[in-house]
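Asker: coords please:
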Amino acid sequence: MMKEGEHKKYGPDRNFRRRLLLFLGGVLGGWTGMAAQSACLVESSADFQAAALQEERSFLDTLSVRLEKGDVAGAVNYGNFVLQQDSTEAGKAVKAYEIAVELGQKDAYVEAASFCKKALSYDIFLGKAHLLLARLYAAHPCWTEERALNQCTYYLVLDNLIRAKQLDVALEKESDELLALYSKKLPTRKDLFMLGYTTGDRVHIGGWIGESIIIR
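Answerer: Numbers count the residues shown, from 1 in each chain. Reported below is the predicted structural model:
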């Protein structure tokens, strides 16, 4: 049994309870505020991603409209403008590749190849740009009246396919299938010999391509 005065010492302290309730209210209020702030951050992040996606879709739509009107020069100028607006090398590489794809689909293969090379100048490890270059060269291999020299373009096709799968494992299957297909289109040693070329010689692929290959 408590003696007089011990109740105050050991019994319930109403002031303490009041302070405790106020403290807990503040903590819970803080948690509520943090949760609301977190929700706002998530929402802002989602809005930012949606805006970025919309911006990307928007510039490709604008590019496509110009190409549908036959304004290849205008599309190229617009594409270059889009690249100038991006402040990162990675962003420019991706956009240049996407522009190249759009140009290639409209058969503007010369301009498409140019943007592929721009993409690679921003990111030398962009395997899909090499794959697209290979497809462009394979679709338009002719640059001279000599059939065997036109077939030399396929050396360049193979070089880009090999590079593509080396840089991106995801492209290996597609690259291997195309390698098997285009390897059959290379010129014969006899045809090259008749033109004065042999294994190890360098051949300049002229015309719209403007690159060199080594006969092997």
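Asker: name the SS class of the residue nearest in space to the middle of the chain, please.
Answerer: For the chain, Val94 is the residue whose C-alpha lies nearest the centre (CA atoms, centre = their mean; 3.5 Å). For Val94, the assignment made with DSSP: H, G, I helix; E, B strand; the rest coil gives helix.
Asker: ok, it - contacts?
Answerer: Ala119 (CB atoms under 8 Å, 6 or more residues apart in numbering). Where C-beta positions appear, they are placed from N, C-alpha and C, glycine not excepted.
Asker: and the contacts of the helix or strand containing Glu177?
Answerer: Assigned by DSSP states H and E, Glu177 belongs to helix 172-182. Contacts made with helix 172-182 from outside it, assessed by CB under 8 Å, 6+ apart, are listed as Leu131, Ala134, Arg135, Ala138, Tyr154, Val157, Leu158, Leu161, Ile162, Ala164, Lys165.
Asker: still on that earlier bit, pLDDT score assigned to the residue nearest to the centre of the chain?
Answerer: In this model, Val94 is scored at 96, pLDDT.
Asker: if we can go back for a sec, what about the helix holding Glu177, distance to the chain center?
Answerer: Between the centre of helix 172-182 and the centre of its host chain there is 21 Å, according to CA atoms, centre = their mean, to the nearest Å.
Asker: please point out which parts of the helix or strand following that helix sit buried.
Answerer: The element immediately downstream of helix 172-182 (helix or strand, assigned by DSSP H and E) is helix 189-194. Applying a neighbour-count criterion of 16 or more other CB atoms under 10 Å, one finds Asp191, Leu192 buried in helix 189-194.
Asker: just name whatever secondary elements helix 189-194 is in contact with.
Answerer: Helices and strands touching helix 189-194, by 3 or more CB pairs under 8 Å, 6 or more residues apart in numbering; DSSP states H and E, are helix 147-151.
Asker: just the CA trace of the helix it packs on, in PDB.
Answerer: In PDB, the C-alpha atoms belonging to helix 147-151 read as follows (Å, rounded to 0.1, in the frame of the first residue of the first chain):
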ATOM      1  CA  ARG A 147      29.500  -5.800-110.900                       C
ATOM      2  CA  ALA A 148      32.400  -7.200-108.900                       C
ATOM      3  CA  LEU A 149      33.200  -3.800-107.400                       C
ATOM      4  CA  ASN A 150      29.600  -3.300-106.500                       C
ATOM      5  CA  GLN A 151      29.800  -6.700-104.700                       C
END
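Asker: nice, that's everything, thank you.
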